[in-house]
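**Q** sequence first, then the predicted structure, then my questions.
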Amino acid sequence: MGLWYLHSTKTNQIQPTKRMTKIHLNLHKSTPENVCWSLTRGSNPVFHAKCATMVNVQFHIWANGLAKVKAKNRREVHAWAKGEEVETTCAPATVTRICYNPFKEGKFVWEDTREEVPANLSKAYFTEKGMFAHR
């Protein structure tokens, strides 16, 4: 896959940086078959990517946002991952999919066991098919 391709008003390709980046599922551009991710670097504008790879990943859920989503029964961005961007690579076959559903668990879980994902992961892959990591 090489470097990830982002859509921005300035350029179609953005090089990875050492800055911490927030990434979340884009609720408007994603479909179940084709996921789109939104990335924010510091206070820089949001970019969109079909895939990204990050290291030193931390998962965050804004508690008030989760409560608001449950009360209104409407999706809204309130959960994200934060980490360092690295060159995007294909997710290995040995990774497990990570899911987040505010209406079920309300936390990041492994798809196969529904067990909670640790708050910190060494590496995570964000692809068109979802979010993946090694256990």
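**A** In hand now; what should we look at?
**Q** chain center to stretch 114-134, what's the gap?
**A** Distance, stretch centre to chain centre, for stretch 114-134: 8 Å (C-alpha atoms, centre = their mean, to the nearest Å).
**Q** and what of stretch 111-123?
**A** Between the mean C-alpha location of stretch 111-123 and the chain-wide mean there is a distance of 13 Å, by C-alpha atoms, centre = their mean.
**Q** kindly report the same for stretch 76-87.
**A** What separates the centre of stretch 76-87 from the centre of its chain is 5 Å, taken as C-alpha atoms, centre = their mean.
**Q** which parts of it are buried?
**A** Judged by neighbour count using 16 or more other C-beta atoms under 10 Å, the buried positions of stretch 76-87 are 78, 79, 80, 81, 82, 83, 84, 85, 86. (C-beta placed from N, C-alpha, C; glycine too.)
**Q** what is the mean pLDDT for that stretch?
**A** When pLDDT is averaged over stretch 76-87, the result is 94.
**Q** ditto for stretch 106-116
**A** For stretch 106-116, the mean pLDDT works out to 97.
**Q** just the endpoints, please. Distance across that stretch?
**A** Stretch 106-116 has an end-to-end distance of 10 Å (criterion: C-alpha to C-alpha, to the nearest Å).
**Q** list the buried residues for that stretch?
**A** Of the residues in stretch 106-116, those buried under the neighbour-count criterion (16+ other C-beta under 10 Å) are 106, 107, 108, 109.
**Q** rebuild the residues you listed as a markdown table, extending it with secondary structure.
**A** Rendered in a markdown table, the data for those read as follows (DSSP: H, G, I helix; E, B strand; the rest coil):
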| residue | secondary structure |
| --- | --- |
| 106 | coil |
| 107 | coil |
| 108 | strand |
| 109 | strand |
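**Q** below-threshold pLDDT in this protein: ranges please.
**A** Along the chain, segments meeting pLDDT under 70 span 1-19, 45.
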